[in-house]
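Novice: For reference, the sequence and a predicted model appear below.
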Amino acid sequence: MNAISPPAAQQALSDEIDLAALIHSLWEQKLLVGLVTLLVAMAAAAYAFLATPEYQVQTVLRPASIKDLDALNRTGVYELKPAQAMRRVGATLESYDSRLAFFRANLGLFEALRQPNRSLEQTFESFNRVAFKMLQPDPRKTDNLSAYVGVQLTYPEGVDGVALVNGLVEHAIQAERGRIAADLQALIQNRLNQLELKIAAARANYAASKEVKIAALLEADSLKRAKLQDELKALRQQLKASRDNRITQLDEAIRIAKALGIGKPTTPSALGEGERVAQGSVIRTEVNNQQIPLYFMGSEALEAERNALLQRRSDDFTEPRIAQIAKELQLLARNRQVEVLNQRENEDLFLKDLAIWREEAARLRNLNFDVADLKLVSIDQVAVEPLKPIKPKKALILALGVVLGGMLGLFIALLRNMLRRKPEALALTHAA
């Protein structure tokens, strides 16, 4: 074994003596260490027992069931799913404006928070910043069984935290019900306005269509009447020209008949055999494929026909088409379809889809949905009175007081030991 040199042995012996001396010095100051520890522990105990206790309550909301919102969704105007309703209530709970409105409506719940030189609004601002905490599932975790939203309140002694949290939740639910009622009424009114616009547009369209139809019917009648009148005029001119031509033909035939001495109707063959003496009964049959000239009718018959034609005042009876035209003109004098269109008293009955629109409007006007009983969320956990405060934690504070007091006492004892040994070290140095 290597032998320890005398200087090294002396150094080790010196360290052992110093450590022993240090422990001995601390032991001698055990009363000081204990006193400091006791004072710090007493200060910690004073804080633990004199500090204002703080309590914590919370409430948790979960989505309502589908049947709770079925009546609202069946209105056909407003659609709200349970998850949406829960998020809306949660947003209202988180809203500073909503909390401030609840504070102003329930000043008695916050009276214990009043501080000197601060208004209630300033007090609430400070309290709201540190007291409320929203509870929501961690979006990074996928094993959440269901969605929820909640609010946690930490409050000092003297504040009715249970009433405050439960009241805030009820205030948020009522606020959302009010918004839903306002939205529902606005949507209903918008639907009614839209239906009124549709009905007004349909009426205007019907009136315009009716006027167009009447104008088209009258125009068609006018055109047909003009064509018939033109046809009637042309027919009469044609008949008059035919009559004039006939009279001219009769004048010419009369002159020929008189020149031939034909006064009575005869035939060409009879005219040639007029001077023969008839023997017995003779029956003559004349076959002729040529038209017999008009003068063979005899001057008497021809003059009678001419006089009749000259005395004629109208030729309408000679043409059946004229009577037909008169009938058609008489029918065109009044358009019964136009009269029926103008005599309609309730024109709404002829509007397309009017019955459907009126039915929808009547349904919307009679839609009296009461949101007071609308269950937006399911309160899974109601805030209840806590069993004990969360602050201060007396046992922990006392333990920390004892530990810190002991450490402080040891530190003071070490510091005194160092200050006491320093003059002794200086004296030894001068003596050497």
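Specialist: Here it is on my side, so go on.
Novice: Buried residues of stretch 108-116, list them for me.
Specialist: Across stretch 108-116, burial judged by 16 or more other C-beta atoms under 10 Å covers 109-110, 113. Using the backbone N, CA and C atoms, a C-beta is placed for each residue, glycine as well.
Novice: again, but for stretch 30-42
Specialist: Buried residues in stretch 30-42 (16+ other C-beta under 10 Å): 33, 36-37, 40-41.
Novice: got those residues as TSV, with distance to residue 380, pLDDT and secondary structure columns?
Specialist: Below are the buried residues of stretch 30-42 laid out as TSV (distance: C-beta to C-beta, whole Å; pLDDT from 0 to 100; DSSP: H, G, I helix; E, B strand; the rest coil):
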residue	distance to residue 380	pLDDT	secondary structure
33	54	77	helix
36	51	80	helix
37	48	81	helix
40	45	82	helix
41	43	79	helix
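Novice: which of the buried residues of stretch 108-116 lies closest to residue 188?
Specialist: When the buried residues of stretch 108-116 are compared for distance to residue 188 (C-beta to C-beta), residue 109 wins out at 36.6 Å.
Novice: residues touching the closest one, list them.
Specialist: Contact analysis of residue 109 by C-beta atoms under 8 Å, 6 or more residues apart in numbering lists 159-160, 163-164, 167.
Novice: returning to that earlier point: next, format the buried residues of stretch 30-42 as TSV and append distance to residue 384.
Specialist: Converted to TSV, the buried residues of stretch 30-42 look like this (distance: C-beta to C-beta, whole Å):
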residue	distance to residue 384
33	46
36	43
37	40
40	37
41	35
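Novice: which of these sit farthest apart?
Specialist: Largest separation among the buried residues of stretch 30-42 by C-beta to C-beta: 33 and 41, giving 12.2 Å.
Novice: what's the residue closest to the geometric middle of this structure?
Specialist: Centroid-nearest residue in the chain, with C-alpha atoms, centre = their mean: residue 187, separated by 6.7 Å.
Novice: Quick check: closest non-adjacent residue to that residue.
Specialist: Spatial nearest neighbour of residue 187, chain neighbours left out: residue 77 (4.9 Å); criterion: C-beta to C-beta, 6 or more residues apart in numbering.
Novice: ok, so of the buried residues of stretch 30-42, who is nearest residue 385?
Specialist: Nearest to residue 385, judged by C-beta to C-beta, of the buried residues of stretch 30-42 is residue 41 at 31.8 Å.
Novice: I figured the residue nearest to residue 187 was touching residue 363, is that so?
Specialist: No - judged on C-beta atoms under 8 Å, residue 77 makes no contact with residue 363 at a distance of 9.8 Å.
Novice: Counting neighbours, go ahead and name the busier of these two.
Specialist: The neighbour comparison of residue 77 against residue 363 (other C-beta atoms under 10 Å) goes to residue 77, with 19 against 14.
Novice: one step back: are any of the contacts of residue 109 buried, and which?
Specialist: Applying 16+ other C-beta under 10 Å to the contacts of residue 109 flags 159-160, 164, 167 as buried.
Novice: and residue 175, that one's in a strand?
Specialist: No - Residue 175: not assigned to a strand; according to DSSP: H, G, I helix; E, B strand; the rest coil it is helix.
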